[in-house]
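[1] Sharing a sequence plus its predicted fold:
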Amino acid sequence: MACFFKSRWRTPQCVGAIDSSHIPIIAPEKYPRDYCNRKGWHSVVLQAVVDGKGLFWDVCVGFPGSVCDARVLKQSHLWTILSDGQLLGQNKVTISGCDVGHYLIGDPAYPMLEWLMKPFSDTDRLTPEQHTYNYRLSSVQSVVQMAFGRLKGRWRCLLKRNDCKLELSKKMALACCVLHNICEERGDDFVEELPGRHVNIQPSVQPVPDHGNQEGTDIRAALMEYFNRADEWRFECD
């Protein structure tokens, strides 16, 4: 997995991109307000991690639409198995003088950790090096966004409000993710969505503020230096 990300996006040690999408549902009888997301419609959150080819390798679905991405992550099984740093920290390599294990890439809504890199918050005061770092991460992040697009392009039941009961809606979303992987592996095509048919895959992102002494800052600094050196070398070769 890491080899694919490095060869395609020149992003060493990355093994996945994480993001969430909202699946429209009818308001459940219990706690309907909890399921109303920031866009004003009822949904459940589909959190997913994909590999470099857009295949889902971890999926968590069912949290109410009002729950932010960071909280979904921290309450998911993925957090349980990765938070101790053992699983992704076993095979470290030295990058810009720093020992870097495997990690995921997420958007600003997620916390920064040793196993989860995110962009610098855009404060209009970013350095050129920080912009380069953000650009590299956003390029990788696009793979999970495109995976959600293909998922909903194939399975239109995820695009419109689901009138099934809540538990069945969750099972349908999981089943569609499994079928998506089968279709992708077999090279199956799908009909592109019409413009404007995305039903708010991701309501407005609420960035997690960048505070001092964050976990993973040394890894982020090493990757930033690596990305900028790689670009300088590429320009020299050109």
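    Yep, that arrived.
[2] So which elements touch the longest strand seen in the chain?
    If you go by DSSP state E, the chain has its longest strand at strand 14-24. Secondary-structure packing of strand 14-24 (3 or more Cβ pairs under 8 Å, 6 or more residues apart in numbering; DSSP states H and E): helix 2-9, strand 43-50, strand 56-64, helix 69-75, strand 103-105, helix 128-154. C-betas here are computed from N, CA, C, even on glycine.
[3] Make TSV from those and add distance to S121 and mean neighbour count to it.
    Listed next are the helices and strands packed on strand 14-24 as TSV, based on distance: least, Cβ to Cβ, whole Å; neighbours: other Cβ atoms under 10 Å:
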stretch	distance to S121	mean neighbour count
helix 2-9	22	15
strand 43-50	21	24
strand 56-64	24	19
helix 69-75	14	18
strand 103-105	16	26
helix 128-154	10	19
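[4] Next, format these as CSV and append distance to R33 and mean pLDDT.
    Listed next are the helices and strands packed on strand 14-24 as CSV, based on distance: least, Cβ to Cβ, whole Å; pLDDT from 0 to 100:
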stretch, distance to R33, mean pLDDT
helix 2-9, 40, 94
strand 43-50, 13, 98
strand 56-64, 9, 97
helix 69-75, 16, 97
strand 103-105, 31, 98
helix 128-154, 25, 95
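[5] I23 is nearest to which of those?
    strand 43-50 (5.1 Å; Cβ to Cβ).
[6] Tell me the neighbouring strands of the longest strand of the chain, and mark each as parallel or antiparallel.
    Strand 14-24 pairs in its sheet with strand 43-50 (antiparallel), strand 103-105 (parallel), by DSSP bridges.
[7] what comes up buried for it?
    Residues 14-24 are the ones in strand 14-24 that count as buried (16 or more other Cβ atoms under 10 Å).
[8] Can you dump the C-alpha atoms of it in CSV for me?
    Only the C-alpha atoms of strand 14-24 are listed here, as CSV (Å, rounded to 0.1, in the frame of the first residue of the first chain):
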residue,chain,number,x,y,z
CYS,A,14,1.3,6.8,3.6
VAL,A,15,-1.0,3.8,3.7
GLY,A,16,-4.4,5.4,3.3
ALA,A,17,-6.6,8.5,3.1
ILE,A,18,-9.5,9.1,5.5
ASP,A,19,-12.6,11.1,5.1
SER,A,20,-16.3,11.0,5.8
SER,A,21,-19.5,11.2,3.8
HIS,A,22,-23.1,11.8,4.9
ILE,A,23,-25.8,9.3,4.0
PRO,A,24,-29.3,10.9,3.9
